[in-house]
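*Asks:* this one's structure only:
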């Protein structure tokens, strides 16, 4: 039913393929350019009235205060949710979380669920797990619907179909909607308003009949047992309100200590993600409300590698992430390769640190390649609303990847640098080396360095070395 | 099911404790900054709500009933919550309608709990006059009454007024999406028209 990231090649190979796709690069440049401008306008507006940097410090502080005392806040969250009539489940990994959700759905004897866009349920492959149990999971966010109908993979945290333009979306709707329910109108145009209207008609019958809704949560308030979902289209409200049963899968890093802590986060998130002062809809609920909304509420608290990240002193800050995707939109690497090249539901700069932190390094070449998918320019850190120093974590993860591979056959790069250390440590050796640079480059290009040069330009060797030029011109004094 | 998840709970909390061994639990959160005061908060609210391409009309309390009537298309089927303080002739009061029944209504009229000027946001806490979450969601037109004295400058002013035990719906303009080429389109699953009556 849906494609998978399993078996994706390491970043350099995937990026190379993506760079050859002119349509993809055009779509991405257009979309990221638009969103960057919108975000900047609102950041400047807020900065003129108070201080964006102080707001970032406050938001980062809230998340940090939750993380450094996570055990206490999780136990408090469990207690308040339970007191509010919700049932709390704990899941160590994806399989455990999927099994909990599937069991709840089956207990109600239904074969379909409606879903709010949720990164965490993609991370654990919930749709595939439910499909294996004969349960159809309908994605209801417009971009997720495009991805699901197109048997495609998400490529952006906020706008998973960012790699598709309007003409491609029209084709997908015309060809695929009928098999999933109400067909698209035959005269469908590629106007965004017409495409959105087609999605409204297609999904409405599903919302109205759904017995079970599935969501994630943007925030979980420990003090009050309140979950928060931030969205735009109203599909979230439909899934959170109309079904009889609601199951929310929540990563343990989503907890914030108090209701008031939502202040800075609700001001930072929409400005950073969609470039709006506020997103159209934010829903909060605290367990079961008699006579309003689902009367059976479940919350699955998920680890799935988050405690690995928590144990990493440098990487721990990645758990502050509120999934706004501002770092993707400003990243020169993401803008050119798109999200699929990262081989994960978490692409871009945050994905380049989050995946190795959650999964651990040294077991999988694809994961190990991600900390290198960056030029370390630092734009991501500047854009991050919760001040995650992504470049520092990238460098630290690179060191961990190198450490994990110590002891095996050294890579060409390591040998080259070892050779450079020998040559550069002695001026006589350096002089000798320079005389053979041109020859070395030609040989290198043909053999060992081809991996290095496949993604980088190797400059032609000058006809004369600097030191030869210095001797000939007596220090640049003449004949330069 | 709860029994089976016991070991997972203990193991996760154990992992968390081990991961944070030696980390100081107290962390002083810097206060979030406040925006500079604006001279007319209610006008600011009206402007910011209109920015989302919602319809915003200001009226006096005496003119409210007429304003509500004018905001509803002729012949529209209208649902209202219990406790609405404005009479809406011909409207049905919510009697726990099913989602499918609500889908047969063209419009809903509700009051609100708080208006947030800076972000142009209306918060419903679904108390009397506001109704269940479903009634302000399924009909395609939401006529929402906000009193001027309910409008506060910014998000940090709104949070202390809200009871976290109640469900909340924060509404900033009509339902919208930017999922197609990041081009904002109003009107997806929520009400496609948001008509705000701001009562002075």
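*Replies:* Sure thing, it's come through. Everything quoted here is computed from the prediction, not taken from an experiment. Numbers count the residues shown, from 1 in each chain, chains lettered A, B, ... in the order given.
*Asks:* burial of residue 131, as a residue count?
*Replies:* Went with chain A since none was named. Other residues near residue A:131 number 14, with proximity taken as other C-beta atoms under 10 Å in any protein chain shown. To be clear about C-beta, it is placed using only N, CA and C from the backbone, and glycine gets the same treatment.
*Asks:* To clarify, I was referring to chain B.
*Replies:* Count around residue B:131 with other C-beta under 10 Å applied: 24.
*Asks:* Distance-wise, check the nearest residue to it once chain neighbours are set aside relative to chain A.
*Replies:* Using C-beta to C-beta, 6 or more residues apart in numbering or on different chains and skipping residues adjacent in sequence, the residue nearest residue B:131 is residue B:81, 2.6 Å away. Distance of residue B:81 to chain A, given as C-beta to the nearest C-beta, to the nearest Å: 11 Å.
*Asks:* any idea how far residue B:81 is from residue B:14?
*Replies:* For residue B:81, the distance to residue B:14 (C-beta to C-beta, to the nearest Å) stands at 47 Å.
*Asks:* And these two? Which one has more around it.
*Replies:* Neighbour comparison, residue B:81 and residue B:14: the larger count goes to residue B:81, with 21 against 12 (by other C-beta under 10 Å).
*Asks:* Go ahead and confirm the more buried one touches residue B:134.
*Replies:* No - if you go by C-beta atoms under 8 Å, residue B:81 and residue B:134 don't touch, sitting 10.6 Å apart.
*Asks:* For the strand or helix carrying residue A:327, name the packing helices and strands.
*Replies:* Counting by DSSP states H and E, the element that carries residue A:327 is helix A:326-330. Counting contacts by 3 or more C-beta pairs under 8 Å, 6 or more residues apart in numbering or on different chains; DSSP states H and E, helix A:326-330 packs against helix A:22-49, helix A:348-359, helix A:379-383.
*Asks:* Lowest mean pLDDT across these, which one is that?
*Replies:* Lowest mean pLDDT of those: helix A:22-49, a mean of 93.
*Asks:* what number of residues lie near residue 151?
*Replies:* Picked chain A for this. Taking other C-beta under 10 Å as the definition, residue A:151 ends up with a neighbour count of 11.
*Asks:* Correction: the question concerned chain B.
*Replies:* The local packing of residue B:151 (other C-beta under 10 Å) involves 22 other residues.
*Asks:* Bridging across strands, which residues link to the closest residue to residue B:144 other than its chain neighbours?
*Replies:* Counting by C-beta to C-beta, 6+ apart, residue B:196 is the residue found nearest to residue B:144 once chain neighbours are left out, at 5.2 Å. Here residue B:196 sits in beta bridges with residue B:56, residue B:144, going by DSSP bridges.
*Asks:* where are the low-confidence patches of chain B?
*Replies:* B:1-6 (pLDDT under 70).
*Asks:* Share the number of residues neighbouring the closest residue to chain A within it, please.
*Replies:* Ranked by C-beta to the nearest C-beta, the top residue of chain B for proximity to chain A is residue B:190, at 2.6 Å. Residue B:190 has 30 neighbouring residues, counting by other C-beta under 10 Å.
*Asks:* Next, the buried residues of stretch B:11-27.
*Replies:* The neighbour-count check on stretch B:11-27 (16 or more other C-beta atoms under 10 Å in any protein chain shown) flags B:12, B:13, B:15, B:16, B:19, B:20, B:27 as buried.
*Asks:* helix, strand or coil for the second one?
*Replies:* For residue B:13, the assignment made with DSSP: H, G, I helix; E, B strand; the rest coil gives helix.
*Asks:* which residues in chain B form helices?
*Replies:* B:6-19, B:41-51, B:64-71, B:99-102, B:155-158 (DSSP state H).
*Asks:* Contacts only, for residue A:41.
*Replies:* residue A:275 (C-beta atoms under 8 Å, 6 or more residues apart in numbering or on different chains).
*Asks:* residues in contact with residue A:211?
*Replies:* For residue A:211, counting by C-beta under 8 Å, 6+ apart, the contacting residues are A:108, A:110, A:243, A:244, A:245.
*Asks:* picking up where we left off before, now tabulate the buried residues of stretch B:11-27 in a markdown table and tack on distance to residue A:235.
*Replies:* A markdown table is the format used below for those (distance: C-beta to C-beta, whole Å):
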| residue | distance to residue A:235 |
| --- | --- |
| B:12 | 30 |
| B:13 | 34 |
| B:15 | 34 |
| B:16 | 33 |
| B:19 | 35 |
| B:20 | 37 |
| B:27 | 36 |
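*Asks:* These: which ones sit near chain A?
*Replies:* By C-beta under 8 Å from any C-beta of the partner chain, the members of the buried residues of stretch B:11-27 lying near chain A are B:12, B:13, B:15, B:16, B:19, B:20, B:27.
*Asks:* Contacts only, for the fourth one.
*Replies:* For residue B:16, the contacting residues are A:70, A:71, A:74, A:252, A:307, A:310, taking C-beta under 8 Å, 6+ apart as the criterion.
*Asks:* what's the distance between it and residue A:307?
*Replies:* From residue B:16 to residue A:307 the distance is 6 Å (C-beta to C-beta).
*Asks:* who touches both of the two?
*Replies:* Joint contacts of residue B:16 and residue A:307 (C-beta under 8 Å, 6+ apart) are residue A:252.
*Asks:* ranges for the strands of the chain?
*Replies:* Since you didn't name a chain, this refers to chain A. Secondary structure of chain A (DSSP state E): strands at A:87-91, A:112-115, A:136-139, A:212-215, A:219-221, A:226-231, A:245-251, A:255-256, A:281-285, A:296-302.
*Asks:* that answer is for a different chain, and I need it for chain B
*Replies:* Counting by DSSP E, the strands of chain B are B:55-59, B:78-80, B:92-93, B:107-111, B:114-116, B:121-124, B:141-147, B:151-152, B:168-171, B:176-177, B:185-186, B:193-199.
*Asks:* strands paired with the third one, and their directions?
*Replies:* The partner list of strand B:92-93 in its sheet, established with DSSP bridges, is strand B:78-80 (parallel).
*Asks:* Mind listing residues that contact the partner strand?
*Replies:* In contact with strand B:78-80 (C-beta under 8 Å, 6+ apart) are residues B:72, B:88, B:90-94, B:97, B:102, B:105-110, B:131, B:135, B:139.
*Asks:* Can I get the buried part of the residues you listed as one PyMOL selection?
*Replies:* The buried residues among these can be selected in PyMOL (16+ other C-beta under 10 Å) with this line:
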select buried, chain B and resi 72+88+91+94+97+102+105+107+108+109+110+131+135+139
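*Asks:* coming back round to it: what about the residue nearest to residue B:144, how many residues nearby?
*Replies:* Going by other C-beta under 10 Å, the residues that sit close to residue B:196 add up to 26.
*Asks:* so it touches residue B:52, yeah?
*Replies:* No - look at residue B:196 against residue B:52 with C-beta under 8 Å: they stay out of range, at 10.0 Å.
*Asks:* which parts of stretch A:373-388 are buried?
*Replies:* Neighbour counts over stretch A:373-388 (16+ other C-beta under 10 Å) mark A:373, A:374, A:379, A:380, A:381, A:383, A:384, A:385, A:386, A:387, A:388 as buried.
*Asks:* From the contacts of residue A:211, which land in helices?
*Replies:* Counting by DSSP H, the contacts of residue A:211 contribute nothing to helices.
*Asks:* So which of the residues you listed wins on neighbours?
*Replies:* Going by other C-beta under 10 Å, residue A:243 tops these with 25 neighbours.
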